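In: just a sequence and a predicted model for now, questions to come.
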Amino acid sequence: METIECPDGDTRTEKEIIVKIIVAHFTAIVAFCNFQSLRGEKLDTIEPVLFLLSPLLVIAQTGLGLVIITISFFSNLAISPRLFRDHLATVSRRWSTLFGTKSTGSSEPSVKSRLGRAWIRLGRTIAIFATLFQFAATIFLYRRRKELHGWEALTIVDHRTFELSVGGAAVSVLSLALLLRFPGFGQASETQYTPEIQTDTDTRILFCRGDSRRCPSWYQILYATDIGSATSAATWLACVSSSTYKGESLPLSYASRIYSGIHKDVSQTLSLDVSMPIFYLLVAAFFAPFFTFSHLCKDSGFSKRLSNNLWVLIPALLILIVAMVAFMCMVLLMVVPISLYLLPSVLSGPGCIFTMKGLEIRDMFSQPPFEVLTNTTDCLLLWKDPAADYLWSLV
C-alpha cells in the first residue's frame, strides 16, 4: 500500500493527540467533581463515571428536569388557577431541588472564618474560569476546524474532546452560579428519595438533578422487572441516550430517520401536503384529547353517571372502541419504533454504553496518525490549526 506524505510543519502527531485526549478527560472530570462537591453530593458513586461516558448527560437531564417543572406548573395551574401563588412557590422549591445545594442536615456551625471562606470561594472561582476558558477554546477550535475543512477533517478525538468540553462548560457555568449564590441556586429543601420509579414529581426532579442515590445497582448488567433497581436501569438508559458515537447522537439520528420516513409515507398514503412540524403538531393534537378525557372521567365520575343510562352507554361504547383502535394504531406508529430502539439500553445499559465506547476506541486507533495515510484527504485529519498554539499559550 502506498504511503501518503503530508506537508511538514502543519500536522498533528500521535503524542499531541494522546495528550489532548488525556487533558480533556482530566479537566472535564475535575470540573464535574467540583460541581458535585459544591452541590453537597457524594463523589464515591457511579456519577463521575457516567459523566465521563456521557458528558452531555448533565445537559440532557437538566433540560428534562426543566420540562417536568414547566409541565407540572401549567398542569396544576389549569386544575386550580386560584392557587397561582402556591404553584409559583412549588416551582421555586423544585427549581432549588434541581439546581441548589443539598441540605447536609448538620446543625454544627462552620469553624472557618468569613475571610477564609472568601479566599476559598475566590480560589474556586478563578479555577472555574480557567477551566471554562479551556473548554471554550476547545469548542472554538472544533467549530473552526469544521468550518474550514468540513466534517471529514474531524477525528474521533476531536469529537470526544468537543463532547467533554460542552459537558464541562455546562457544569462549570452551574458551578459558578452555585459559588456566586445566584438566585435559585441556594439551599435546597430536604426531599426523601427512594430508588424506585414513582409517579410523584419531586422524585423525578431528584432523578434529573443527578442525585447520587439514583443508581444503587450500577453494577447490574441485565435488568428485569423483578431483578435489580428500576432507577438504576433508568440512569443507564439516560446515559446511553445522551451519549454520542463518532460525534453523532445515535438515538437522535435514528429518530430523525424513522420519523422523517413516517411523515413521508403517511403524507403519500393520505395525500397530505403538510410540513413535518405541522404533521407532528397534528399528531400531538390527536393524542391530547385522549389524555384530557381520561383525566376528566377519572376526576368527575363521568363513567359512573354514564353507566346509569343504557341508551347513552351503547353509543358511547361504540365511539370508545373506535377511538381506542385509532389510538392504538397511532401508538404503534409513533411510539413503538423508538421504544424498540431503546429496548436494549433498558435491558442492559452498561452493556450498550461500554460496547459503544469500546468500538469508538477501536475506530480511534484506526485513524491517522495511529494508522498510515492511504489518500490525500486523510491529511485533513492531521491538519494542525495555527490558532491552537496561541490559545493554549494563554492558559
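Out: Everything's here; your move.
In: run through the chain and note the low-pLDDT ranges.
Out: 1-9, 104-112, 193-199, 225-226, 228, 291-313, 316, 376, 393-395 (pLDDT under 70).
In: what's the burial count for A234?
Out: 18 (other CB atoms under 10 Å). In this view, the C-beta of every residue, glycine as well, is placed from N, C-alpha and C.
In: can you show me the CA trace of the helix or strand that contains it as CSV?
Out: Taking DSSP states H and E as the definition, one finds A234 inside helix 230-241. The C-alpha coordinates for helix 230-241 follow below in CSV (Å, rounded to 0.1, in the frame of the first residue of the first chain):
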residue,chain,number,x,y,z
ALA,A,230,-35.6,0.4,38.2
THR,A,231,-33.9,3.8,38.7
SER,A,232,-30.5,2.2,38.1
ALA,A,233,-31.8,0.9,34.7
ALA,A,234,-33.3,4.4,34.0
THR,A,235,-30.0,6.0,34.9
TRP,A,236,-28.1,3.8,32.4
LEU,A,237,-30.8,4.5,29.8
ALA,A,238,-30.3,8.2,30.3
CYS,A,239,-26.5,7.7,29.9
VAL,A,240,-26.9,5.8,26.7
SER,A,241,-29.5,8.1,25.2
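In: tell me the gap between that helix and the middle of its chain.
Out: Distance of helix 230-241 from the chain centroid (CA atoms, centre = their mean, to the nearest Å) equals 11 Å.
In: who's in contact with that helix?
Out: 46, 50, 53-54, 57, 60-61, 195-197, 207, 214-218, 220, 223, 251, 342, 345-346, 349-350, 352-353, 356 (CB atoms under 8 Å, 6 or more residues apart in numbering).
In: that one: what's the following helix or strand?
Out: Downstream of helix 230-241 (by DSSP H and E), the next one is helix 250-270.
In: which strands and helices sit next to that next one?
Out: helix 276-300, helix 310-334, helix 336-347 (3 or more CB pairs under 8 Å, 6 or more residues apart in numbering; DSSP states H and E).
In: make it 7 Å
Out: helix 276-300, helix 336-347 (3 or more CB pairs under 7 Å, 6 or more residues apart in numbering; DSSP states H and E).
In: nearest to L178, out of those?
Out: Smallest distance to L178 across the helices and strands packed on helix 250-270 (CB to CB): 30.9 Å, for helix 336-347.
In: now for the closest one, which elements pack on it?
Out: If you count contacts as 3+ CB pairs under 7 Å, 6+ apart, helix 336-347 packs onto helix 230-241, helix 250-270.
In: just the ones you listed: most buried one?
Out: Here the criterion is mean neighbour count by mean count of other CB atoms under 10 Å, and of those the winner is helix 230-241, at a mean of 22.
In: and the helix or strand I18 falls within, how far out from the chain's middle?
Out: Per DSSP H and E: I18 is located in helix 14-38. Offset of helix 14-38 from its chain centre (CA atoms, centre = their mean): 19 Å.
In: over to stretch 113-123?
Out: 33 Å.
In: again with stretch 38-54
Out: 14 Å.
In: how about the helices and strands packed on helix 336-347 in a markdown table, adding distance to R93?
Out: What follows is those, written out as a markdown table (distance: least, CB to CB, whole Å):
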| stretch | distance to R93 |
| --- | --- |
| helix 230-241 | 21 |
| helix 250-270 | 32 |
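In: and of those, who's closest to H149?
Out: Per CB to CB, nearest to H149 of these: helix 250-270, 22.3 Å.
In: after the longest helix seen in the chain, which helix or strand is next?
Out: Counting residues, the longest helix found in the chain (DSSP state H) is helix 114-149. Downstream of helix 114-149, the first helix or strand assigned by DSSP H and E is helix 156-179.
In: export whichever helix or strand comes after that following helix to PDB, keeping only CA atoms.
Out: Downstream of helix 156-179, the first helix or strand assigned by DSSP H and E is helix 201-209. The C-alpha trace of helix 201-209 is given here as PDB (Å, rounded to 0.1, in the frame of the first residue of the first chain):
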ATOM      1  CA  THR A 201     -42.900  15.000  40.500                       C
ATOM      2  CA  ASP A 202     -40.400  15.600  43.300                       C
ATOM      3  CA  THR A 203     -38.800  12.200  42.800                       C
ATOM      4  CA  ARG A 204     -38.500  12.800  39.100                       C
ATOM      5  CA  ILE A 205     -36.800  16.200  39.800                       C
ATOM      6  CA  LEU A 206     -34.300  14.400  42.100                       C
ATOM      7  CA  PHE A 207     -33.500  11.900  39.400                       C
ATOM      8  CA  CYS A 208     -33.000  14.700  36.900                       C
ATOM      9  CA  ARG A 209     -30.700  16.500  39.400                       C
END
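In: now what about helix 201-209, what contacts it?
Out: Identification of contacts with helix 201-209 by CB atoms under 7 Å, 6 or more residues apart in numbering yields 61-62, 64-65, 68-69, 72, 94, 97-98, 191, 193, 214, 231.
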